[in-house]
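Novice: Pasting a predicted model and its sequence here:
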Amino acid sequence: MRRIRFERRLETPRLLAPALPFVSVAIALVIAAILLLVTGHDPLTTYQRMAEVAFADTQALSSTVASATPLLLTGLAAALAFRVRVWNIGGEGQLYIGAVCAAGAGIAVGGSGLAVALPAMVVAGILGGAAWAAIPGVLRAYLNTNEILTTLMFNYIAGLLMYYLIFDSHSFWRDVSSPEAKLFPQAKELDPSAFWPGFTGGGLIVPLGFLFGVIVAVLLFVLMRQTRLGFELRVVSDSPEVGRYAGMRTRRLVVIVMLISGGVAGLAGASQIGDFSHLLEPVGLQPAAYGYTGIVVAALARFNPLGVVLSALFLGGLTNAGFALQGADFPQGLVGTLQAIILFCVLASELFARYRLSWRTGQATPAVTGQPA
Amino acid sequence: MTTTTGNGDVALRARGVTKRFPNVLANDGVDFEIRPGEIHALLGENGSGKSTLCKILTGFYWPDEGSVSVGGDETRFRSPADAHAAGVFMVHQHFSLVARMSVAENVVLGWSRERGLRFDRRKVEAEVRAVADDFDMQVDPQLPVWQLSVGEQQRIEILKALYRGARILILDEPTAVLTPQEVERLFHSLRKMAAAGSSIVFISHKLHEVLEVCDRVTVLRQGRNAGEVDLRTEKDVDGRSLARMMVGRDIQLSRRSRERSPGDRVVLRLADVGANNDFDREVVKGVSLEVRSGEIVGVAGVAGNGQQQLAEAIAGLRRPTRGSIELEERALPPGDPRAAIEGGLAYVPEDRTGVGLAAGLRVDENIALKAVRGGDCSVGPFVHRGRVRRRAADLLEAFDVRGRPDSLVRQLSGGNAQKVLLARELSSEPKLLLIASPTRGLDVSAMEAVRKLVVSAADSGVAVLMISEDLDEVLDLSDRVAVMCDGRVTGIVDAEGADPEQIGMLMMGQTAAA
């Protein structure tokens, strides 16, 4: 009698790890296709239309890159933290605070030109996100609180703070220059000189934030692979006991990870203001859930910063397709469902990095789990 | 499945047993035979196939080929329960006892002679006591297990098997955690069991114990039979010839040469050091001790008497509650591992791949673990990967580690992992080597290599503080032996001419008197 069993791998084959995300996506597409069939849609045409509006021409690609921009940055924020086993679920809130700070800085510098506004907004966004992440980071490092819970709670606090600034107060961010604006709450818009420039080439438009994302990806890649800090982070993530034994300041490392991760998420918020909305817009920012989707992006890239660039583009394409195809004949919620299925498949595929399936005869299995031959 | 506990010549026999795992042939046509009433040693290095054979004999594994018979009848154990039903039991190194339950409750847990729902505590206690008395094993069936010493807990594990009708008992390194007195009592009980017709398979790395208590010996090497000796008839067999059979070549375990005298510079000075365990109970209760350069001080004692916490306090991993720790005449700041490392401490912890080595990282990265802060392996904020790799390659060669710089530590054998640890720690030119359970779980060749490294470190002037439960090892390697019991040093004796009996008394808490 033959049986299928999981066997622990001693070593993950070299080519398997990079192949896993692709296989996972393929499986996710198959599962989603079944859903589409059940709901009376033709999976092939649906997928074909999605691919067209996401990747077919430069215009489609430009929209995809725009959608991918926040996901790239939040994905990098999550990738760094998750890679070293600091479970920062707070990219969402760190993005909000980054947006708040960047918008504040942009408004404050008024019309003094891009050369002042851009660095001011970038620095404010990064510092805001980092500071917001530092609180749960310090709590985790020194009081051993669970950062999954605290960062998640901080997302709600940040979201409510953002709403408060626009809807429930006459804050610095709110436009109160006219009677109508006092009646219908609205944010102050940046001076057009503070709008971040995009880069165009051959019809393709790339927002500045995406470029920042690529730079951050390379920096994080180098950080993890080549620097002493990255080395210590890898040790501590493998075993905190070993890190402590080796004389590493393990608590400080946790805080540093949270600072960097939060800063990158904050930069995503700054890019939202500078590249896209040009004002603090809670109603648009919160439902987009870029911070949470960033976790899917990071997982799909298996927490490799360079991989995040690709996975952000892929999920950005999905998001873009979801927007472009909204309508009666396109199943609403398909994109969100697909994202979730992809996440499941990616997580499940990790099993195969560590185990392999084997078909063996019943006689060779341990008697404890086996059946008589 | 059919079995009867036969009275034939053979109690348990494995014939031509072969068991394959991915990439490994664990047992290759192994023959093994135990007669009723004998104590039979099963010897072999790690990876020689001992554990696999035992797991086949006790129904954990099925053999790919070959057969197992009990009392002359061929059987196929489908599970450990089948093996138990046939009277075959194994006592593992790690006990499976419920700390809060009483001895009697632990013995009947999961299997009682009684059927039905009723639990007659008195009756069970009397039964347990009767079984224990049969073999001169002192136990109080009413005591909760957490109050028992390690040796007593082991007795409960053996009792469990006997109570359930064991006729064949496999003991995996039963003496590793015992004091010399407890070893003697265990041997006495084993002899009584054998006299009553039971068979005992005795697995040990300590060859003098094998020679003392066993009737016959089966040696495995690389999954095959390497020899069989009847100690009752072959009187010229000694530890050396058994070791040769196990390893396939001559083995000489390093001993400390007693000719040279250690330096007089005190490297480590402990004064009234106290420390708590993880549950805030004081387990180190004022230890004072000095280790001089070039000296090996062995800390003997039964596990769990504060040795581990003392080591952690010295290494800065645990904050002492009182007292002072001086390294090279400078007080170490409490709870600061980095200060201890920078002060010249090399620490080889007992938990090698949980504390000493990052199992999921590569060998070269583990070798650079501490050096990465210095200039040897880094340039500014960057790790110099080339230097990390070269350094690892050099050390692997110098310390004779079988492994590549880019293999994961997880993939190393226990012996190679320990050598990697020692390579890293000794290459830092330490003043003090603190090493816990240096050879636990290692096979004879690795043990030999590790012992040699420790001795040569001392010869080169390093002060060595060695914590070990293995009294033989402590006596072989140390200049002085400090015995710990219940968080205190109960005596310090010269290893030269030390009396194991006396040390055993100290291990049980009787302070050195007269």
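Specialist: Looks like it came in fine.
Novice: ok, and what's touching the host helix or strand of A:V222?
Specialist: According to DSSP states H and E, A:V222 maps onto helix A:208-226. If you take CB atoms under 8 Å, 6 or more residues apart in numbering or on different chains as the criterion, helix A:208-226 is touched by A:65-66, A:68-70, A:72-73, A:76, A:79-80, A:83, A:118, A:122, A:196-199, A:229-230, A:233-234, A:260, A:264, A:267-268, A:270-272, A:274-275, A:304-306, A:308-309, A:312, B:382-383, B:385. Every C-beta, even on glycine, is put in place using the N, C-alpha and C of the backbone.
Novice: Please name the bridge partners of A:L204.
Specialist: In this entry, A:L204 is beta-bridged to A:G201, by DSSP bridges.
Novice: Could you check how far it is from chain B?
Specialist: A:L204 sits 35 Å away from chain B, going by CB to the nearest CB, to the nearest Å.
Novice: Surely that residue and A:S62 touch.
Specialist: Yes - the pair A:L204 / A:S62 is scored as a contact, 5.5 Å apart, by CB atoms under 8 Å.
Novice: Looking at those two, which is more packed in?
Specialist: A:S62 (18 against 15; other CB atoms under 10 Å in any protein chain shown).
Novice: contacting residues for the more buried one?
Specialist: A:G203, A:L204, A:I205, A:V206.
Novice: Give me the pLDDT for it.
Specialist: pLDDT recorded at A:S62 is 95.
Novice: May I ask which helix or strand encompasses it?
Specialist: helix A:58-83.
Novice: how about that helix: buried residues?
Specialist: By 16 or more other CB atoms under 10 Å in any protein chain shown, the buried positions in helix A:58-83 come out as A:60-83.
Novice: how much does it deviate in direction from helix A:208-226?
Specialist: Helix A:58-83 runs at 40 degrees relative to helix A:208-226, counting by axes from the mean of the first three to the mean of the last three CA atoms, to 10 degrees.
Novice: State the separation between helix A:58-83 and the centre of the chain it belongs to.
Specialist: Distance, stretch centre to chain centre, for helix A:58-83: 7 Å (CA atoms, centre = their mean, to the nearest Å).
Novice: Give me the buried subset of the contacts of helix A:208-226.
Specialist: Buried by 16+ other CB under 10 Å: A:65-66, A:68-70, A:72-73, A:76, A:79-80, A:83, A:118, A:122, A:196, A:198, A:229-230, A:233-234, A:260, A:264, A:267-268, A:270-272, A:274-275, A:304-305, A:308-309, A:312, B:383, B:385, out of those.
Novice: Tell me how many other residues crowd the single nearest residue of the stretch 401-514 of chain B relative to chain A.
Specialist: Nearest residue of the stretch 401-514 of chain B to chain A, counting by CB to the nearest CB: B:Q411, 5.9 Å away. Residues near B:Q411, counting by other CB under 10 Å, number 15.
Novice: can you give me the strands for the stretch 201-350 of chain B?
Specialist: B:216-221, B:224-230, B:266-276, B:282-292, B:296-300, B:322-327, B:330-331, B:345-348 (DSSP state E, counting those that start in this stretch).
Novice: Export those strands to CSV and append columns for mean neighbour count, distance to A:I157 and mean pLDDT.
Specialist: CSV is the format used below for those (neighbours: other CB atoms under 10 Å in any protein chain shown; distance: least, CB to CB, whole Å; pLDDT from 0 to 100):
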stretch, mean neighbour count, distance to A:I157, mean pLDDT
strand B:216-221, 22, 64, 93
strand B:224-230, 16, 67, 92
strand B:266-276, 20, 38, 96
strand B:282-292, 20, 43, 95
strand B:296-300, 27, 52, 95
strand B:322-327, 18, 44, 96
strand B:330-331, 12, 45, 94
strand B:345-348, 26, 43, 97
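Novice: Put together TSV for the ones you listed, with distance to chain A on each row.
Specialist: Formatted as TSV, those follow (distance: least, CB to the nearest CB, whole Å):
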stretch	distance to chain A
strand B:216-221	20
strand B:224-230	20
strand B:266-276	16
strand B:282-292	19
strand B:296-300	19
strand B:322-327	14
strand B:330-331	16
strand B:345-348	7
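Novice: these two touch, right, B:Q309 and B:R318?
Specialist: Yes - applying CB under 8 Å, one finds B:Q309 in contact with B:R318, separated by 5.9 Å.
Novice: Report the set of residues contacting both of these two.
Specialist: B:A275, B:N276.
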